[in-house]
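Peer 1: here you go, sequence then predicted model.
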Amino acid sequence: MSLTVSNLYKKYGEKTVVDHLSFEMPKPGVYALLGTNGAGKTTSIRMMLGMLAKDGGEALWNEKPLNTATCNVGYLAEERGLYPKYALMDQLIYFAGLRGVSKADAKKRIAFWAKRLEAEEYLYPNAGEEKKTASGKGKKGKRQKPKLADQLSKGNQQKIQFMIALLSDPELIILDEPLSGLDPVNTDLFKNVIREEIAKGKYLIMSSHQMATVEEFCTDITILDRAKPIAQGNLNEIKKSYGRVNLRLKTEQDVTAYIQAAGVQLLGEKEFEYQLKVTGEEQANCLLAALISNQVPVITFDLREPSLHEIFVEKVGHASEGE
Amino acid sequence: MGRELVGTGKVFSFSLLQQLKSKVNTISLIIFFLLSAASVPVMILMSGGGEKVAMSDISTVYVQNGTDYSLNPDRAAQINPSFAKTVFQTADFTLENYKEHLKEEEVFVNIEASETGYLIDTYTLEESTLEEEDTDALGQVVYQLFSDAKIESVGASGQQMETLGKAVQTQVMAAEDYLNPNTADWSAQFAVQYAYSILVMMICMISASYVVQAIAEEKSSKLVELLMVSVRPLALLLGKILAMMAYILIMIGVLILGFGVSYAISGVFLDVSVLSAGGAMLGISFGSFHLGVAEAVIIVISLLLGYLTFSIVAGLAGCCCASIEDVQGANMTVVMIVMAGYLAACIVSAFTSEPVYVASSLIPVISVFCAPVQYVMGNIGLGVLLLSWLLQLVVIAGLSLFSSRVYNSLIIYRGSRVKFRQLLSMVKKNGGLKA
């Protein structure tokens, strides 16, 4: 299986909103679409899924046009919603049915995902009580009605929407800002599910502004800025191309003088913990040698490649400056 | 086109199920049932109907006949069914001593020749509890029996007696009506056109309002994108339209059921014949309509075509809404189109000329209201009706094509409410609006 997106192009009037986006996923993994607000990420996803007419290009799944007939797609849209006044179970069965899952099968899958995403209490409010009654313990209390969507918190609604995306056991999962608005506990829950899906050999496309999350999961990326792809490729290779230029140094005394003497750029400092930018490993080693020769105790000396966040800011910033 | 409609069934069943699960809708159906169930007895009472056949309180009628004409009391029940249980027998007493023989609920009738003709007198006891209505009705029955006896006495046969007894009605009509006996009269035509147009208007307005609301809600609840992964917008629209149509059919079914149950139960206690007499009293004769199964099918097909036309327009109007606040404006657009068709149909029904019948049956939007009525009234032939349907199908296909070209972009569009000019521009460019 493979996903090939080539020369995706869209114009609204005179304005180009996606300008020849191309990328490929020849094997399972996670691909990230990054970009500033309005860069064209969501429009690209919509075109790939056939929701929007393309002005050019194509999206192929196994060399056939990508659509629900050729590919089992799970999609968590950026704009998330549920029918506010309909029963959650009805909605889940409906969406599963639209993806070709039978009602009986859907119920089994819903039960599985409700447990996995810790949403059982909203879908099966009387489950615990029924178990008690069946075992002869406890009294039969007043039955609670299953919750409606508008009775759930935003995070819990997001769980239901995530379930909808996963109910059909999709081959290709597209997650548009999957972790936005989640508390740390639910963020970890979602991350674990995403890891499990990756381990199952699924193809994931992720669009997010949370660079740390993208960095955690993605192998390949495209950075879009004002409709155009401005950086693209394997994340590790992109990082390598920048070299190890970020240095985190922690000492027990003020070493600003040594930093200045070595010609290293100081980005920030807090209680003798320094964020530094070096030109390369040579400059970093010079600074370390100076500290050691002067018997300055070094607690942390961490020389690393730039983070995705830094690459993104640098790329998008440069692109803006070029205007 | 096939792929565009995949998932229509699922959308239909889900939308219908949610309609039926809604408490408001359930209460509405119960209210409809109760209203329709109450309508029959209310209409009977308002039409002056009452107890099925009120039996006369007179138990026995003693007849003292001083003439040569022999009365046939067996015909009394035929003349007035309320005397079916009353016993008629020849009195073995006279006017002078009838009080000694009569009981409270009995009547003595004395028939005798007078100078000018014949005299029929009815007598009851002073303490009698009989109503004056009963004795008056008895007087009329005896009068009729006596008249029959007179005719019989001259040797008239049963058939001749029937002929003489038949009621005579007068009717004034124009030569055109006389020459075209199959054409229903003007008042009936107007009434039927008016009633059918109201039915179409109500169905279309209710459903259009629902379709606009449902689509606008789906857009505002940000569900559309989630849905569009699995189902094409046209299937989404069609599923909703068909679900609403099914709900309306259920509503009509509940009304008919309520009416039918009420009619059956009322028939046991009340005289339901007054309902059909009511129409005749208003001067409307339905005798010349060609109503049968085929005509019912024609009306249903016409209703469906009209419903589809206005619902697709409602779907487009709903898609143009960017928020719930826009719904009122979108609803108004559809209501105006439906109202225009309705008013035109009402005006057209006032004219009685063949070109008007044909034109009103063929012009789209107006034809939704007029074509089936004109056919049932006998004003247009099957050919014109079929042509009317064909034109309506062309309009529906055109609207569907129009929808398919703009719907994808519209349904995920979030800007200000789209104007008709923008829609046309979208169709020309086959592009979209920035979401």
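Peer 2: In hand now; what should we look at?
Peer 1: now residue B:63: closest residue in space that isn't a chain neighbour?
Peer 2: residue B:109 (4.8 Å; C-beta to C-beta, 6 or more residues apart in numbering or on different chains). C-beta coordinates here come from the backbone N, C-alpha and C atoms, glycine included.
Peer 1: and residue 27, its phi and psi?
Peer 2: I'll assume chain A. For residue A:27, the backbone dihedrals (degrees, to the nearest 10) come out as phi -140, psi 170.
Peer 1: oops, wrong one, chain B.
Peer 2: Main-chain torsions, residue B:27, degrees, to the nearest 10: phi -60, psi -40.
Peer 1: before we move on, back to that, ramachandran angles for the residue nearest to residue B:63?
Peer 2: phi -120, psi 130.
Peer 1: average pLDDT for stretch A:121-131?
Peer 2: On average, the pLDDT along stretch A:121-131 is 73.
Peer 1: tell me, how many neighbours does residue A:104 end up with?
Peer 2: 9 (other C-beta atoms under 10 Å in any protein chain shown).
Peer 1: circling back: which ones are touching the residue nearest to residue B:63?
Peer 2: Going by C-beta atoms under 8 Å, 6 or more residues apart in numbering or on different chains, residue B:109 touches B:61-64, B:91, B:120-123, B:138, B:142.
Peer 1: at 7 Å what do you get?
Peer 2: Shown in contact with residue B:109 (C-beta atoms under 7 Å, 6 or more residues apart in numbering or on different chains): B:61-64, B:120, B:122, B:142.
Peer 1: hang on, isn't residue A:274 packed against residue A:267?
Peer 2: No. With contacts counted by C-beta atoms under 7 Å, residue A:274 stays clear of residue A:267, the gap being 8.1 Å.
Peer 1: neighbour count winner among the two?
Peer 2: residue A:274 (21 against 12).
Peer 1: quick one, what contacts residue A:103?
Peer 2: Residue A:103 touches A:93, A:97, counting by C-beta under 7 Å, 6+ apart.
Peer 1: once you drop chain neighbours, what's closest to residue A:97?
Peer 2: According to C-beta to C-beta, 6+ apart, the nearest residue to residue A:97 is residue B:10 (4.9 Å).
Peer 1: surely the one you found is in contact with residue A:100?
Peer 2: No. If you go by C-beta under 7 Å, residue B:10 and residue A:100 don't touch, sitting 9.5 Å apart.
Peer 1: now do the shared contacts for these two.
Peer 2: With C-beta under 7 Å, 6+ apart, residue B:10 and residue A:100 have no common neighbours.
Peer 1: among those two, which residue is more densely surrounded?
Peer 2: residue B:10 (21 against 14).
Peer 1: mind checking which helix or strand the more buried one is in?
Peer 2: helix B:8-21 (DSSP states H and E).
Peer 1: what about that helix, distance to the chain center?
Peer 2: 29 Å (C-alpha atoms, centre = their mean, to the nearest Å).
Peer 1: which parts of the chain are strands?
Peer 2: As the question left the chain open, I've gone with chain A. A:3-12, A:15-25, A:29-35, A:56-61, A:64-65, A:73-76, A:172-176, A:203-207, A:220-225, A:228-234, A:246-251, A:265-270, A:273-277, A:298-304 (DSSP state E).
Peer 1: ah, no, chain B please
Peer 2: Using DSSP E, strands in chain B cover B:60-65, B:87-90, B:106-113, B:118-123.
Peer 1: now the ones you listed as TSV including distance to residue B:248 and mean pLDDT?
Peer 2: Shown next, in TSV, are the strands of chain B (distance: least, C-beta to C-beta, whole Å; pLDDT from 0 to 100):
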stretch	distance to residue B:248	mean pLDDT
strand B:60-65	57	91
strand B:87-90	57	90
strand B:106-113	58	91
strand B:118-123	59	91
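Peer 1: out of these, flag the one nearest residue A:182.
Peer 2: strand B:87-90 (92.8 Å; C-beta to C-beta).
Peer 1: what helices or strands is that closest one leaning on?
Peer 2: Applying 3 or more C-beta pairs under 7 Å, 6 or more residues apart in numbering or on different chains; DSSP states H and E, one finds that strand B:87-90 contacts strand B:60-65.
Peer 1: ok, back up a step: now the strands of chain A in JSON lines, with distance to residue A:127 and mean pLDDT?
Peer 2: Listed next are the strands of chain A as JSON lines, based on distance: least, C-beta to C-beta, whole Å; pLDDT from 0 to 100:
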{"stretch": "strand A:3-12", "distance to residue A:127": "39", "mean pLDDT": "92"}
{"stretch": "strand A:15-25", "distance to residue A:127": "39", "mean pLDDT": "92"}
{"stretch": "strand A:29-35", "distance to residue A:127": "34", "mean pLDDT": "93"}
{"stretch": "strand A:56-61", "distance to residue A:127": "38", "mean pLDDT": "93"}
{"stretch": "strand A:64-65", "distance to residue A:127": "42", "mean pLDDT": "92"}
{"stretch": "strand A:73-76", "distance to residue A:127": "26", "mean pLDDT": "93"}
{"stretch": "strand A:172-176", "distance to residue A:127": "28", "mean pLDDT": "94"}
{"stretch": "strand A:203-207", "distance to residue A:127": "31", "mean pLDDT": "94"}
{"stretch": "strand A:220-225", "distance to residue A:127": "42", "mean pLDDT": "92"}
{"stretch": "strand A:228-234", "distance to residue A:127": "46", "mean pLDDT": "91"}
{"stretch": "strand A:246-251", "distance to residue A:127": "49", "mean pLDDT": "94"}
{"stretch": "strand A:265-270", "distance to residue A:127": "50", "mean pLDDT": "93"}
{"stretch": "strand A:273-277", "distance to residue A:127": "50", "mean pLDDT": "94"}
{"stretch": "strand A:298-304", "distance to residue A:127": "48", "mean pLDDT": "93"}
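Peer 1: okay then, goodbye and thanks.
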